[in-house]
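In: here you go, sequence then predicted model.
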Amino acid sequence: MFAHLRALLDAVDFRPQTDRLFSVGDLIDRGPASKDALQWLQQPWFHACRGNHEQFAIDSTDPEQLEVWVRQNGGEWWLDVGPTEQALFRETFQRLPLAIELTTRTGIVGIVHADVPPGLTWDKFANLLEAGDADAAFYALWSRGRIQGIGGTGPIPGRIERVYCGHTPTRGAVRIGNVWFIDTGAVYCYEGFREARLTMVEIQPSRHHEYSIETGHGIISRAASD
């Protein structure tokens with residue numbers, strides 16, 4: 001949904017010379033412009049953590065994974081990409097971190113696609129990811145436990161002030177403890193979801209200020225700051 005993202009950036013006067021944009025992942029699939037992901041990732045001001053859909057592309061050399069992706073998870077566009085470009089996508093996505101940490105005026109902010117395992121501090125989680133721990137990586141890419149009320153919904157302990165996740169589509173941004181889920185189903189406008197929107201959060205200088213654009217109508221709205 002990169003056209004909507006561009007419209008939203010223009011509306012908030014995003015300035016590449018001084019501003020930075022961070023993504024919670026899933027830059028590809030279901031929307032109309034998956035191939036544009038590489039162009040965005042080439043921009044020095046744009047940074048993304050890896051989502052499970054980027055992981056689908058990385059794993060697409062496995063015929064079973066490819067079938068699951070294409071048939072059930074929006075990967076049809078991949079069949080129109082040549083082998084050389086497919087390799088470039090895989091290489092680029094493989095370099096995306098599973099988590100991003102930012103220092104802001106109001107504290108340390110974490111970004112991860114799906115979630116952080118219950119009971120772990122952000123530092124422990126980051127260390128496990130760095131060590132290649134498969135369970136931590138799976139949680140980072142796939143978990144919906146916290147937002148579904150499974151396995152603990154308490155705040156992430158330690159020095160992290162708050163964490164932003166995507167992965168699970170919601171009608172609006174959802175806060176659980178110090179974790180925010182901000183995937184508001186932008187691509188589902190094509191499946192008749194009338195409230196589908198793309199949400200962006202300013203985390204500095206504001207602590208948390210939401211902006212969104214309705215993907216079915218292009219109407220931009222601003223939410224109150226937290």
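Out: Looks like it arrived, so ask away.
In: what ranges do the strands span in the chain?
Out: Counting by DSSP state E, the chain has strands at residues 21-23, 46-48, 99-104, 107-112, 160-165, 174-176, 179-181, 197-202, 209-214, 220-222.
In: give the partner strands of the last one in its sheet and their orientations.
Out: In other words, strand 220-222. strand 209-214 (antiparallel) (DSSP bridges).
In: identify the single longest helix in this protein, thanks.
Out: Longest helix in the chain by number of residues (criterion: DSSP state H): helix 83-94.
In: one step back: Serialize the strands of the chain to a markdown table and add fields for distance to Arg30.
Out: The C-beta positions use only the backbone N, C-alpha and C, and glycine is treated the same way. Converted to a markdown table, the strands of the chain look like this (distance: least, CB to CB, whole Å):
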| stretch | distance to Arg30 |
| --- | --- |
| strand 21-23 | 15 |
| strand 46-48 | 17 |
| strand 99-104 | 23 |
| strand 107-112 | 21 |
| strand 160-165 | 18 |
| strand 174-176 | 20 |
| strand 179-181 | 18 |
| strand 197-202 | 13 |
| strand 209-214 | 17 |
| strand 220-222 | 22 |
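In: which one of the ones you listed lies nearest to Phe138?
Out: Of all the strands of the chain, strand 107-112 sits nearest to Phe138, with 12.1 Å by CB to CB.
In: what is that closest one packed up against?
Out: When contacts are defined as 3 or more CB pairs under 8 Å, 6 or more residues apart in numbering; DSSP states H and E, strand 107-112 packs onto strand 99-104, strand 160-165.
In: tell me what the first one is packed against?
Out: Identification of packing neighbours for strand 99-104 by 3+ CB pairs under 8 Å, 6+ apart yields strand 107-112, helix 122-130.
In: please identify the most buried of these.
Out: strand 107-112 (a mean of 21; mean count of other CB atoms under 10 Å).
In: quick one: average confidence on that one?
Out: When pLDDT is averaged over strand 107-112, the result is 98.
In: try stretch 26-35
Out: Rounded mean pLDDT across stretch 26-35 is 96.
In: same check, this time on stretch 165-174
Out: The pLDDT scores in stretch 165-174 average 96.
In: please identify the buried residues of that stretch?
Out: Going by neighbour count (16 or more other CB atoms under 10 Å), the buried part of stretch 165-174 is 165-168, 173-174.
In: check the offset of that stretch from the chain's centre.
Out: Relative to the centre of its chain, stretch 165-174 is centred 10 Å away, using CA atoms, centre = their mean, to the nearest Å.
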